[in-house]
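Novice: return atomic coordinates for the entry below.
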Amino acid sequence: MKITGITGLLLASALGLAAQQTLAAPTGQTATAPRPAGVSPVLADLQRTLTTANDDISRLRIEKWKCDGSQKQQMIQVAQSLQRNITGALPGLISDAQNQPKSVAKSFKLYHDINIVYEFLNSLAEATGAFGKNEEYEPLAHDATALDNVRQNLSAVIEQDSAALETQLRQATAAPVQVQAAPPKKIIVDDAPQKAAKKTTKKKSSPAPPPAPPGNSQ
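Specialist: Modelled structure (predicted):
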């Protein structure tokens, strides 16, 4: 395998940028979910794998690899960037995941950085196999495989946490809202007798004129 100079430089630059972004990432509100019991062993495996990988990277003698000087310099930069991330960024992310075991966001941030480290560690292992010695390549290849297993296990933890959180939110949304019944409207019954209807007065008719007195007939 032959790694071009541009590819090696991009690997080093991207890894260094990822470490800076991880260290400077702001802390905000996080989503939480019940944590499976297996997360502690996953983080313990991660710490052991990173410690071993950092030691194996330190044992590389890239300056003696069978490649040109520019490629050697670029691979040295990749190795140094990996070590800075392993010793500088990842310990804080692991600590956050341990201290906030119910935070899905903290676990995902750790998972994101592990993915980056794995990609570059695997590329460095392949370059070691191509240009370095076998005794350098085998430990580094084993480290890359171990880190891949750890990231898959952490991915499973995050998936379980997210599913549990989603279930909680769904249950909370589906729960019937108990509305307090309004007190019955008070009906007032008026038992008082209705007012007497207004009396109507009958108009008196004019009296008939009295009959004429009988006259003397002649």
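
Novice: ok, longest helix in the protein?
Specialist: Once the chain is assigned using DSSP state H, the helix that runs over the most residues is helix 134-174.

Novice: who are the packing partners of it?
Specialist: Packing partners of helix 134-174 (3 or more C-beta pairs under 8 Å, 6 or more residues apart in numbering; DSSP states H and E): helix 39-58, helix 104-131. Any C-beta I mention is one placed from the backbone N, CA and C, and that applies to glycine too.

Novice: nearest to S70, out of the ones you listed?
Specialist: Among these, helix 104-131 comes nearest to S70, with 12.7 Å by C-beta to C-beta.

Novice: where does pLDDT dip in the protein?
Specialist: Applying pLDDT under 70 to the chain flags residues 1-39, 175-218.

Novice: isn't P139 right up against N54?
Specialist: No. Using C-beta atoms under 8 Å, P139 is not in contact with N54; the gap is 11.5 Å.

Novice: over to C67: give its phi and psi.
Specialist: When read as degrees, to the nearest 10, the backbone of C67 gives phi -150, psi 170.

Novice: what's the closest non-adjacent residue to it?
Specialist: F131 (4.7 Å; C-beta to C-beta, 6 or more residues apart in numbering).

Novice: look up how far R61 lies from that neighbour.
Specialist: 11 Å (C-beta to C-beta, to the nearest Å).

Novice: neighbour count: those two, which is higher?
Specialist: Per other C-beta atoms under 10 Å, whichever of F131 and R61 has more neighbours is F131, with 20 against 10.

Novice: look up how far K133 lies from N115.
Specialist: From N115 across to K133, the span is 28 Å (C-beta to C-beta).

Novice: same thing with T51?
Specialist: T51 sits 22 Å away from K133, going by C-beta to C-beta.

Novice: just S70 next, same as before
Specialist: Taking C-beta to C-beta, one finds S70 at 21 Å from K133.

Novice: and for R48?
Specialist: 24 Å.

Novice: next one: L43
Specialist: In terms of C-beta to C-beta, L43 sits 32 Å off from K133.

Novice: neighbour count winner among these two?
Specialist: Set L43 next to K133 and count neighbours by other C-beta under 10 Å: L43 wins out with 21 against 14.

Novice: for P41, give me its contacts.
Specialist: Counting by C-beta atoms under 8 Å, 6 or more residues apart in numbering, P41 makes contact with nothing.

Novice: about what we covered before: so the residue nearest to C67 sits right up against E63, yeah?
Specialist: No. Using C-beta under 8 Å as the test, F131 is too far from E63 to be in contact (11.0 Å).

Novice: tell me the SS of P101?
Specialist: Counting by DSSP: H, G, I helix; E, B strand; the rest coil, the backbone at P101 sits in coil.

Novice: for it, the count of nearby residues, please.
Specialist: When neighbours are counted by other C-beta under 10 Å, P101 registers 16.

Novice: now swap in I62 and tell me
Specialist: I62: 22 surrounding residues under other C-beta under 10 Å.

Novice: contacts only, for it.
Specialist: Going by C-beta under 8 Å, 6+ apart, I62 touches K72, M75, I76, A79, G132.

Novice: so the first one is in which element?
Specialist: K72 is part of helix 69-84 when elements are defined by DSSP states H and E.

Novice: angle of that helix against helix 134-174?
Specialist: On the basis of axes from the mean of the first three to the mean of the last three C-alpha atoms, to 10 degrees, helix 69-84 is oriented at 50 degrees to helix 134-174.
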